[in-house]
Each structure stands twice: as structure tokens, then as C-alpha cells.
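> sequence plus predicted model, see below.
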Amino acid sequence: MQASHITVDQIDALLPQTQCGKCGHPGCLPYAKAIVDGEAINRCPPGGQRTADALATLLGKAPLPLVQPAESPLLAVIDEDICIGCTKCIKACPVDAILGAPKQMHSILRDECTGCELCVTPCPVDCISMVAHPGWLAAHSEQEQHAWLTRRATQGRQRHQARASRIAQWEVEALERRRARRHQHIATPTSPAASTPTDDEALRRRLKIKLARMKQDDPHRPELEAQLQALGGQTVPRAATSAAQQARSHRIALAAAEDTLRRAERHLTHCQRQEGPTEVAAAQEQLARAQQQLERARQALDPT
Ligand code: SF4
Ligand code: SF4
Ligand code: SF4
């Protein structure tokens, strides 16, 4: 198959859908889009070497070793005695796998958790830990493992899309509420619900500011653009956001490269303690690649 005929969906279908962002993109679909645009195929630790090889086959490219160590499927676990119910983990979870309410203990939906680790850092009391996913450990044959990964990917994709739509809907509703409050404030007895040019203009301006700050591939974007068009406004041209967008993606790439380097250093330390010379040599090569990647990311962010 010619690489030029490969679609984003075909690539996305091979990605594990944890939505972890470890590839340097805010989810699996943005990484799939970046691969179509020429990005390297070896940046997905949850997918491991198997995913990198499958992408190489699909795209007709030479296989590449992963830039970060491969990861086994994980599950987040909350220490319920320590949780203070701050809800920060809920906001961070890309697949709505956490249940809880303000000031109440939170818990993880075991079968929905993709093991992305995004809830760990925001927790102010450090009560979330990651363990090997029991569902994965219970899959003994290759067939069972394949079925488990397929189910997790299908569910991860659906739940991530559902969450993105819901958040976009909230954004639109919040804007509508603000608009309604403004109507109430300025309405006269003879025209209680009348819209004024000033009113619509203010809403259009807010939508434009939101869109200008939003990434081009943000899943909320189409609904806000539709809202703006419905108000008679123009969508923000791509060129107007490209510089800020590029800087942001360079910062994401730098953060990912720093993370990669930390992992590679940890992996090398582990190999030096517990593995043989072959593994140590491989880990040293991995560390050298991570250092080069970090250097490239730094130069991209600040070419001077
Ligand atoms: S699983 Fe994580 S690293 Fe892999 S493509 Fe999806 S977001 Fe990127
Ligand atoms: S519970 Fe945590 S680790 Fe599991 S999917 Fe949500 S954010 Fe990721
Ligand atoms: S972030 Fe930590 S403390 Fe806050 S609700 Fe989640 S688990 Fe509990």
C-alpha cells in the first residue's frame, strides 16, 4: 500500500488510545494526524515496539526502535484514606474513568481506566499510584492479550470522544448563559429578549479569543466555530494562530523530550543494577537518542 493513501483513521486504529500524551501530542488522534504529516512512528510507549512495527508496515517504512521504553498496561489506584475529594484528578482524566464529588472520596472505574497516568501529577496529596492492570495480567494467551488491548482501545477512543463533545457542549452552553445574562441586564420593557449589535459583538469577540487560543486540532473547535458562524462571525484564520500554536507544540515536544530523557536515565540505572552488558549497551544508546531528541527540541524552541 502506498503511504500517500494511508488515512488518519487507519493510523489511529493502530494506536492504543490511552490518550496519555507521551508521544508529545494531546491524544492518539492528533499523533495519528502528525504521522500523516511526516512525524516519526516510534513515539508511543503504551503501544510499544509492536505498535511502532505495525505503523512501519502500514506506512511502508523501515522499522524504528522506540524513543522511550515500552510500557505495560497500567491501572490507577486511589488510596481512599488519603483522598481529600479535590476533584483535580477527574478534570485530568481523558476518558472519564474517575468517579467522585467535591470533598468526597474518589474512585477509579477499573475497566475504563486506560492507565494514562495523567491523574497522578495533579493530585495534591499524592494518593494515586499506578499498578499493572489486573485485566492485562489475567490475559495469558496472545489471543486474550490482543482481545484485551482491542477492547481498551475501542473504549478509550469512544470515551475520549464523548468527553470532548460534552466539554464542547458545556463551552457553548456557558457562552449562551452569559449571553442570556447580558440580555437580562440590558433588556427594556418593550423588547425583553432583544439582541443588540453590542451584545452579539461581545459574544463574537469572546468566541474569537477562545478560538485564537485553541489548537487547530482541538476537538472542541468545530462546535465553537459553528457557534461563531451562527453569530455571523468569521472563523479565525489559521495563519493568525500559527505562531502561537507552533510555539506551544514546541513546548509540548520539549516537555516530552525531557520526560523521555528522565525515563531513559532511570532505565539505564535499572539496567546497570540488574541487567547484563547487552541491555546496558541498549539503554546507553537509548539515553544518547533521548539526549539528541532533547537537544533538537531545545533548538526548535529557541533557535538562537
Ligand atoms: S497512547 Fe499515548 S503516546 Fe500513544 S499515541 Fe496515544 S496519546 Fe500518544
Ligand atoms: S484514572 Fe487516571 S490513569 Fe486512569 S485513565 Fe483516568 S487519568 Fe488515566
Ligand atoms: S486528585 Fe487526589 S485528592 Fe483530589 S480527588 Fe483525586 S485522588 Fe482525591
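That came through fine. Ligands and ions are numbered 1, 2, ... in the order given.
> quick one: residues contacting residue 67.
40, 42-43, 260, 286, 289-290, 293 (C-beta atoms under 8 Å, 6 or more residues apart in numbering). From N, CA and C alone the C-beta is placed, and that goes for glycine too.
> break this structure down into its structural domains.
When the chain is parsed with automatic domain parsing, its domains come out as 3-59, 74-137, 169-236, 239-301.
> where are the low-confidence patches of the stretch 101-250 of the chain?
Within the stretch 101-250 of the chain, the segments meeting pLDDT under 70 span 185-200, 219, 223, 230-242, 244-245, 249.
> try it again with 90
Scanning the stretch 101-250 of the chain for pLDDT under 90 picks out the ranges 101-106, 167-250.
> can you pull out the helices in it?
Secondary structure of the stretch 101-250 of the chain (DSSP state H, counting those that start in this stretch): helices at 134-137, 142-186, 197-213, 221-230, 238-274.
> by contact count, what packs against the first one?
Where contact means 3 or more C-beta pairs under 8 Å, 6 or more residues apart in numbering; DSSP states H and E, helix 134-137 is packed against helix 142-186.
> now do the fourth one
Helices and strands touching helix 221-230, by 3+ C-beta pairs under 8 Å, 6+ apart, are helix 142-186, helix 197-213.
> same thing with the third one?
Using 3+ C-beta pairs under 8 Å, 6+ apart as the contact criterion, the elements in contact with helix 197-213 are helix 142-186, helix 221-230, helix 238-274.
> columns mean neighbour count on top of the ones you listed, output as a markdown table?
Shown next, in a markdown table, are the helices and strands packed on helix 197-213 (neighbours: other C-beta atoms under 10 Å):
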| stretch | mean neighbour count |
| --- | --- |
| helix 142-186 | 15 |
| helix 221-230 | 16 |
| helix 238-274 | 15 |
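> residue 42 and residue 289, how far apart?
Using C-beta to C-beta, to the nearest Å, residue 42 is found at 10 Å from residue 289.
> return the residues in contact with the nearest residue to residue 109 once chain neighbours are set aside.
Leaving aside its sequence neighbours, residue 109 sits nearest to residue 97 (C-beta to C-beta, 6 or more residues apart in numbering; 4.7 Å). Residue 97 is in contact with 76, 108-109, 112-114, 159, counting by C-beta under 8 Å, 6+ apart.
> let's see that with 6 Å instead.
By C-beta atoms under 6 Å, 6 or more residues apart in numbering, residue 97 lies in contact with 108-109, 112-113.
> other residues contacting stretch 254-268?
Contacts of stretch 254-268 (C-beta under 6 Å, 6+ apart): 24, 67-69, 283, 286-287, 290, 293-294, 297, 301.
> for residue 42 and residue 289, indicate the residue with more neighbours.
Set side by side, residue 42 and residue 289 show more neighbours around residue 42, with 22 against 18, by other C-beta atoms under 10 Å.
> the more buried one belongs to a strand, doesn't it?
No. Read with DSSP: H, G, I helix; E, B strand; the rest coil, residue 42 is coil and lies in no strand.
> what's the burial count for the closest residue to residue 82 other than its chain neighbours?
Nearest residue to residue 82, sequence neighbours excluded (C-beta to C-beta, 6+ apart): residue 127, at 3.8 Å. By other C-beta under 10 Å, 18 other residues sit near residue 127.
> is stretch 7-21 up against ligand 2 anywhere?
No. Using C-beta under 6 Å from any ligand atom, stretch 7-21 never reaches ligand 2; the gap is at least 7.1 Å.
> contacts for that stretch?
Contact with stretch 7-21 is made by 27-29, 32-33, 35-36, 46-47, 51, 54-55, 94, 114-116, 153, 156-157, 160, as judged by C-beta under 6 Å, 6+ apart.
> which of these come close to ligand 1?
27-28, 46-47.
> in strands, which of those residues appear?
With strands defined by DSSP state E, no entry of the ones next to ligand 1 among the contacts of stretch 7-21 lies inside them.
> relative to ligand 3, how far out is residue 292?
The gap separating residue 292 from ligand 3 is 35 Å, by C-beta to the nearest ligand atom, to the nearest Å.
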